[in-house]
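Colleague: Pasted the sequence and its predicted model underneath.
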Amino acid sequence: MHVLATAGHVDHGKSTLVRALTGMEPDRYAEERRRGLTLDLGFAWTTLDDEVLAFVDVPGHERFVTTMLAGIGPVPAVLLVVAADGGWMPQSQEHLDALDALGVRHGLLVVTRCDLASPGAVLAVARERLAGTSLAGVPDVAVSATTGDGMDDLRAALVRPARSPPRPDPQAPVRLWVDRSFRITGAGTVVTGTLAAGRVRRGDRLWLPGHGEVTVRGLQSLGGDVPEVAATARVAVNLRGVDRDQVRRGDALLTPGRHLETTLVDARVRGAADLPPECLLHLGSAGVSVRVRPLGDDLVRLRLASALPLRTGDVGLLRDPGRHLVLGGLTVLDVDPPPLRRRGAARQRADVLAGVSGTPDAAGELDRRGVVRRDHLLALGISPDDVEALAGRVVGDREWLLSPARAEAARRALRGEAERWTRENPLEEGLPVEAARQRLGLPSARLLAALVQPPLAIRDGRVVPERPVDDLPRAVRAGVDAVLADLAAAPYAAPEAHRLRDLGLGPRELAAAVRTGALARVGEAVYLAPAAVAAATEPLRALPQPFTLAQARQAWGTSRRVAIPLLQHLDARGLTRRLPDDSRHLLHPEQPREETRSRGHLETTDGA
């Protein structure tokens, strides 16, 4: 199916032409037929030489330019209509400016009402106006829909392949811009639009921004029920899961996860020397207010008043409705641009965007972002095949990808961090993966793991050199065994600092003992057997509730030096509770038994 929109000034015979071509009435409302004035979008179709042609008939009055743009926005080809007895008029020019801004290159120039005036002068003016636009050189036909003169030439031109739009990709993600929504009794909500790419099937689940998932209950195309529709086509979609008042013109039905709903885009503008700070963006069937921030040359940042589902490479136009002026066309370059916070950031951003074509580019997006989710690339407009091909060439995991430059920088930084950690922690096995991830600013531990290469490896959740890692050194193990022997007789009588020093257990040796679970640290220079810490609530059960620090100290047979941090540990884990008077504690009546922590390190809080 080929879909074409009409365009041109009011009363130049657009609807009459569609009626003559199709035998169908494009004006849907009685008022339109009574006044002879198209007020809304109309639809009709016909078959010529086995080619199905569908027409979107748009209003030509200046008050309905927004409606006209909603009709031509998703449509790849146009019939630009000029009346022989009317000549080139204001909306002829405004419609041409809009088509040129949108980059519409396919269609026909049709001079109508040739029974009322000779077409020659008007045709010459129209050709002159089209010169230098995207429609320059399109075929032209002079007709009279009333007498039928020239209509056979028009039909032949419509099926001539030379200026036909290229066939769209039926496997592309769906974005059906809604140009009409209504309710049918017994069927529910129905929306219509021009399907420009992809394929919609009955039973498909699509995404409606602002609402959520909806289901395709039924499909119609060319007035008949169909199981599926492939682009390009006019289609009516019966939806389950959404009310009529929840979907309107300018909304879009989407393949889930394949478009980014955004209010901030960077774009390249064509044909606009000086943009006002506020104007209207028209894209697809949508029209939203935008604030314009120049970046440099032909590059701008647009802040949208409401989110639209956009992709890299989308084409739209900017318009000043007060002056009835098309300001220029635009191509979306980035639907997820970085913030501009520093002085000179706009100019720097323009330098980056100067090399961006607007064609979705997986490698380019990754290079500019450094690190990106795979599904984010899909939402930016990259095809799944291109994402997978890129993933095979760069560092990544199931979710994230790293650019080559960012990966090399991260590897160098990781080696430096691992060496620094080893110097600062000579008795520890290696740098914890989570600590490494945070230091490198990476979004996932799996991504960090994908970076690691010799002479580093990951073992037991740590980044370590590729060499055997022994248990505690013999001297440290001897000192720890001596401490545990001391504690066997008095489990809560933690050895004094001088005892630890005499045993050769300095801060690093003690840290290693805690890391391996040989000892538990409950406070500054306070080390106990992990099993004793795990069982610390047992002696408290015999105490009157609530109890004081002194009573706990006596129950444990220890000093304030040990009792204070040990109570802090129990309070922090909800095994005991410090009362508001700050001097008494209460054993939790349904406390869980605390298991010995494998690494023995216990965080404490300040105060008793």
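Modeller: Cool, got the structure.

Colleague: For the rest of this, base every contact and every neighbour count on C-alpha atoms.
Modeller: Fine.

Colleague: if you count residues, which helix in this structure comes out on top?
Modeller: For the chain, the helix that runs over the most residues, judged by DSSP state H, is helix 404-424.

Colleague: what comes up buried for that one?
Modeller: Using 16 or more other Cα atoms under 10 Å as the test for burial, helix 404-424 gives 404, 406-407, 410-411, 414-415, 417-419, 421-422.

Colleague: do the same with stretch 520-527
Modeller: 520-523, 525-527.

Colleague: Which two among those are spaced furthest apart?
Modeller: 520 and 525 (10.7 Å; Cα to Cα).

Colleague: Correct me if wrong: residue 149 contacts residue 143.
Modeller: Yes: taking contacts as Cα atoms under 8 Å, residue 149 lies within contact range of residue 143: 5.4 Å.

Colleague: quick one: which of those two has more around it?
Modeller: Per other Cα atoms under 10 Å, whichever of residue 149 and residue 143 has more neighbours is residue 143, with 24 against 16.

Colleague: List the residues that contact the more buried one.
Modeller: Residues near residue 143 by Cα atoms under 8 Å, 6 or more residues apart in numbering: 110-114, 149-151, 154.

Colleague: What helix or strand is residue 206 located in?
Modeller: strand 205-208 (DSSP states H and E).

Colleague: mind giving me TSV with the contacts of residue 143 and columns for distance to residue 484 and pLDDT?
Modeller: Conversion of the contacts of residue 143 to TSV gives the following (distance: Cα to Cα, whole Å; pLDDT from 0 to 100):
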residue	distance to residue 484	pLDDT
110	98	95
111	101	95
112	103	94
113	106	93
114	108	95
149	108	94
150	106	94
151	103	94
154	100	94
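
Colleague: Among these, which one lies nearest to residue 480?
Modeller: Residue 480 lies nearest to residue 110 out of the contacts of residue 143, by Cα to Cα, at 95.7 Å.

Colleague: Taking the centroid of the chain, which residue is nearest it?
Modeller: residue 260 (3.7 Å; Cα atoms, centre = their mean).

Colleague: There's contact between it and residue 309 in this structure, I believe.
Modeller: Yes: with contact defined as Cα under 8 Å, residue 260 counts as touching residue 309 (5.2 Å).

Colleague: Quick check: which ranges of the stretch 101-250 of the chain have low pLDDT?
Modeller: Scanning the stretch 101-250 of the chain for pLDDT under 70 picks out 161-165.

Colleague: can you map out the helices along it?
Modeller: For the stretch 101-250 of the chain, the helices defined by DSSP state H, counting those that start in this stretch cover 120-130, 151-159.

Colleague: And the stretch 301-450 of the chain, by the same measure?
Modeller: Going by DSSP H, counting those that start in this stretch, the stretch 301-450 of the chain shows helices at 345-353, 362-369, 374-379, 384-391, 404-424, 433-440, 445-451.

Colleague: give me the number of residues near the closest residue to residue 72 other than its chain neighbours?
Modeller: Distance criterion Cα to Cα, 6 or more residues apart in numbering; nearest residue to residue 72, sequence neighbours excluded, is residue 5 at 5.7 Å. A total of 26 residues lie near residue 5 under the criterion other Cα under 10 Å.

Colleague: Pull the contacting residues for residue 5.
Modeller: By Cα under 8 Å, 6+ apart, residue 5 lies in contact with 55-58, 71-72, 75, 77-79.

Colleague: For the residues you listed, pick the one with the most neighbours.
Modeller: Going by other Cα under 10 Å, residue 71 tops these with 31 neighbours.

Colleague: tell me the contacts of it?
Modeller: By Cα under 8 Å, 6+ apart, the contact set of residue 71 is 5, 41, 56-58, 179, 285.

Colleague: make it 7 Å
Modeller: By Cα atoms under 7 Å, 6 or more residues apart in numbering, residue 71 lies in contact with 5, 41, 56, 58, 179, 285.

Colleague: circling back: tell me the pLDDT at the residue nearest to the centre of the chain?
Modeller: We have a pLDDT of 92 for residue 260.

Colleague: before we move on, the earlier item: ok, so of the contacts of residue 143, who is nearest residue 353?
Modeller: Nearest member of these to residue 353, counting by Cα to Cα, is residue 110, at 39.3 Å.

Colleague: Tell me the bridge partners for that closest one.
Modeller: Beta-bridge partners for residue 110, by DSSP bridges, are residue 81, residue 141.

Colleague: What is the neighbour count of it?
Modeller: Neighbour count of residue 110, defined by other Cα under 10 Å: 27.

Colleague: That one touches residue 84, doesn't it?
Modeller: No: contact criterion Cα atoms under 7 Å: residue 110 and residue 84 do not qualify, at 9.7 Å.

Colleague: Can I get the helices of the stretch 301-450 of the chain in TSV including distance to residue 46 and mean pLDDT?
Modeller: As requested, the helices of the stretch 301-450 of the chain are exported to TSV (distance: least, Cα to Cα, whole Å; pLDDT from 0 to 100):
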stretch	distance to residue 46	mean pLDDT
helix 345-353	44	93
helix 362-369	41	94
helix 374-379	36	93
helix 384-391	36	94
helix 404-424	54	90
helix 433-440	62	94
helix 445-451	55	93
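
Colleague: Alright, I will stop here.
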